[in-house]
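1. Give the three-dimensional model of this entry:
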Amino acid sequence: MLTPKVQVKGAVGLALLCLLLATALPVEAIEVGELVRHIDSLWRGETSHAAMTMTVKTRRYERSMTMEAWSRGKGYSLVVIRQPIKDRGIATLKVKENIWNYLPKINRVTKVPSSMMSGSWMGSHFTNDDLVKESTFEDDYDSQLSFTGSRDGQSIYELTALPKPNAAVVWGKVVMVIDQTTLAPYNARYYDEEGTLVRTIRFDHNSVIDGRSVPLHLYLQPADKPDESTEIDYSAIEFGVPLEASFFSLQNLQQRH
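-> Residues are numbered from 1 along each chain as shown. Next up, the predicted model:
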């Protein structure tokens with residue numbers, strides 16, 4: 001179990017990080033592919049272990065869930081609800097192209113079809129796809145730098161991503177604004193296939209962990225429901241933890257509660 005604080009394993013000072021980035025990734029010459037891979041791996045690395053709280057606000061209710069999550073590369077992830085008690089042990093597992101949910105009260109495992117990836121996860125404004133990161137910018141989108149320079153006093157990259165042909169993705173377009181120095185995202189706008197804005201995610205409370213600037217707070221605002229939101233606050237996250245592919249099994253899915 002992670003201790004309730006950010007794990008700074010192998011972290012370097014922010015000044016040193018900026019110096020390294022300025023040397024290795026000059027802002028004038030950054031490659032789109034390198035930027036995309038950085039964003040895809042920002043919260044998971046090669047392996048990761050995290051604790052977080054999700055707070056959901058709708059017109060009808062407000063609820064919070066604490067969760068624990070593990071990931072290994074792009075192909076493996078496991079998310080387990082720890083609190084509240086009534087939801088304890090509910091879990092979602094991804095193994096390559098397969099995704100399952102586990103409901104401990106009825107001891108039942110159900111496979112999540114691809115048609116449900118855009119569906120809400122546990123009544124939040126995040127989707128099943130968001131939680132297990134089934135789609136990635138590198139594999140499923142064609143991305144380009146649509147803006148590089150200063151905006152609102154910040155030096156940024158604006159990355160615009162459009163789905164690749166036949167990619168089974170939720171969004172018709174994603175536009176992400178990224179800080180040029182830290183390569184941490186500021187915000188991301190998600191559009192449907194008709195080009196209508198569906199939601200915006202704001203990223204902040206950055207912390208340098210394992211040499212990367214990681215936003216520990218995500219705030220999702222649905223475009224059509226301005227009074228509703230879903231927030232994720234990371235209380236702990238560490239990278240490079242020993243996790244074999246065998247950890248992400250249906251047996252472990254049912255035993256992690």
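
2. Which strand residues bridge Lys57?
-> Per DSSP bridges, residues listed as beta-bridge partners of Lys57: Glu62, Ser229.

3. residue ranges for the strands of the chain, please.
-> Remark: strands assigned in the chain by DSSP state E are 47-57, 62-72, 76-83, 91-95, 98-103, 108-111, 141-151, 154-163, 173-179, 185-191, 197-209, 212-222, 229-239.

4. Could you pull out the buried residues of the longest one?
-> By neighbour count, and taking 16 or more other Cβ atoms under 10 Å as the criterion, the buried residues in strand 197-209 are Val198, Arg199, Ile201, Arg202, Phe203, Asn206, Ser207, Val208, Ile209. (Each C-beta comes from the backbone N, C-alpha and C, glycine too.)

5. contacting residues for the fourth one?
-> In this case it means Arg202. Residues near Arg202 by Cβ atoms under 8 Å, 6 or more residues apart in numbering: Tyr186, Asn187, Leu218, Tyr219, Gln221.

6. Repeat the analysis, applying 7 Å as the threshold.
-> Residues in contact with Arg202, defined by Cβ atoms under 7 Å, 6 or more residues apart in numbering, are Asn187, Tyr219.

7. likewise the first one?
-> Remark: with contacts taken as Cβ under 7 Å, 6+ apart, Val198 is in contact with Tyr190, Tyr191, Asp192, Ala223.

8. I'd say Glu46 and Gly73 touch.
-> Yes: contact status for Glu46 versus Gly73: in contact at 6.4 Å, counting by Cβ atoms under 7 Å.

9. To Arg37, which of the strands of the chain lies closest?
-> Closest approach to Arg37 among the strands of the chain is made by strand 141-151 (10.4 Å; Cβ to Cβ).

10. Pull the residues that contact the closest one.
-> With Cβ under 7 Å, 6+ apart as the test, strand 141-151 has contacts from Val32, Val36, Phe137, Tyr157, Glu158, Leu159, Thr160, Ala161, Leu162, Pro163, Lys164, Val174.

11. any chance of the residues you listed in TSV, with distance to Tyr61, pLDDT and neighbour count too?
-> Output for the contacts of strand 141-151, formatted as TSV (distance: Cβ to Cβ, whole Å; pLDDT from 0 to 100; neighbours: other Cβ atoms under 10 Å):
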residue	distance to Tyr61	pLDDT	neighbour count
Val32	41	95	15
Val36	37	95	21
Phe137	33	93	20
Tyr157	38	97	20
Glu158	35	97	16
Leu159	35	97	24
Thr160	35	98	16
Ala161	33	97	24
Leu162	36	97	15
Pro163	33	96	18
Lys164	38	96	12
Val174	29	97	21
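
12. which of these lies closest to Arg59?
-> Using Cβ to Cβ, these come closest to Arg59 at Val174, 26.5 Å.

13. That closest one and His49, how far apart?
-> Going from Val174 to His49 by Cβ to Cβ, to the nearest Å gives 27 Å.

14. still on that earlier bit, out of the buried residues of strand 197-209, what pair is the most spread apart?
-> The span of these, defined through Cβ to Cβ, is set by Val198 and Val208 at 31.5 Å.
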